[in-house]
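Peer 1: Structure of the sequence below:
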Amino acid sequence: QEQLVESGGGSAQSGGSLRLSCVASGSGFSVKAMGWYRQPLGKERELVAIIHGGSFTEYSESVKGRFTISSDNAKNTAYLQMNNLRPEDTAIYFCYVQVRTEATMTQMSYDYDSWGQGTQVTVSS
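Peer 2: Here you go, the predicted model:
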């Protein structure tokens, strides 16, 4: 069973930077993908960035060129470096992990989605 711990949210001025971290701890699983979604107040959750297998990355158009996702596979940790922040980046940011369980004598491995509790990012103009 995994546990996700997010850190690094907070407040920044427009044009500033913040860095988010997410650690997936525990045992009996491996990580297929890690990423970040965000949910502005009153809006639906949307993809920000995701990294598959520690290498292939995807970004939403709104953050391309400003945000960078990276990961440390040995530590099951993902980072989101957010530069040139804008007020419209204000949202709750949720860590996302695609988990693969380890196969056992009685259970085949399977995949499922895991979510962090979210961390607030506020950007003021």
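Peer 1: pLDDT of stretch 97-113, averaged?
Peer 2: Computed over stretch 97-113, the mean pLDDT rounds to 93.
Peer 1: Endpoints of it, how far apart?
Peer 2: Stretch 97-113 has an end-to-end distance of 6 Å (C-alpha to C-alpha, to the nearest Å).
Peer 1: swap in stretch 108-122?
Peer 2: End-to-end span of stretch 108-122 (C-alpha to C-alpha): 42 Å.
Peer 1: tell me, what residue is most central in this protein?
Peer 2: In the chain, the residue lying closest to the centroid (C-alpha atoms, centre = their mean) is W36, at 2.8 Å.
Peer 1: Contacts only, for W36.
Peer 2: By C-beta atoms under 8 Å, 6 or more residues apart in numbering, W36 lies in contact with L20, C22, V48, A49, I50, I69, A78, L80, Y93, F94, C95, Y96. Quick note: C-beta positions are derived from backbone N, CA and C, even for glycine.
Peer 1: rewinding a little: what bridges to the residue nearest to the centre of the chain?
Peer 2: A49, C95 (DSSP bridges).
Peer 1: and if you look at V121?
Peer 2: G10, A91.
Peer 1: which residues does it contact?
Peer 2: 9-12, 18, 20, 38, 82, 85, 89-93.
Peer 1: Ok, I50 next?
Peer 2: Residues counted as contacts of I50 (C-beta under 8 Å, 6+ apart) are A33, M34, G35, W36, T57, E58, I69, Y96.
Peer 1: hang on, isn't H52 packed against K32?
Peer 2: Yes - the criterion here is C-beta atoms under 8 Å, and H52 meets it with K32 at 7.0 Å.
Peer 1: Show me which parts of stretch 18-33 are buried, residue by residue.
Peer 2: L18, L20, S21, C22, V23, A24, F29, V31, A33 (16 or more other C-beta atoms under 10 Å).
Peer 1: Who are the contact partners of V48?
Peer 2: So V48 contacts G35, W36, Y37, R38, Y59, S60, V63, F67, L80, Y93 (C-beta under 8 Å, 6+ apart).
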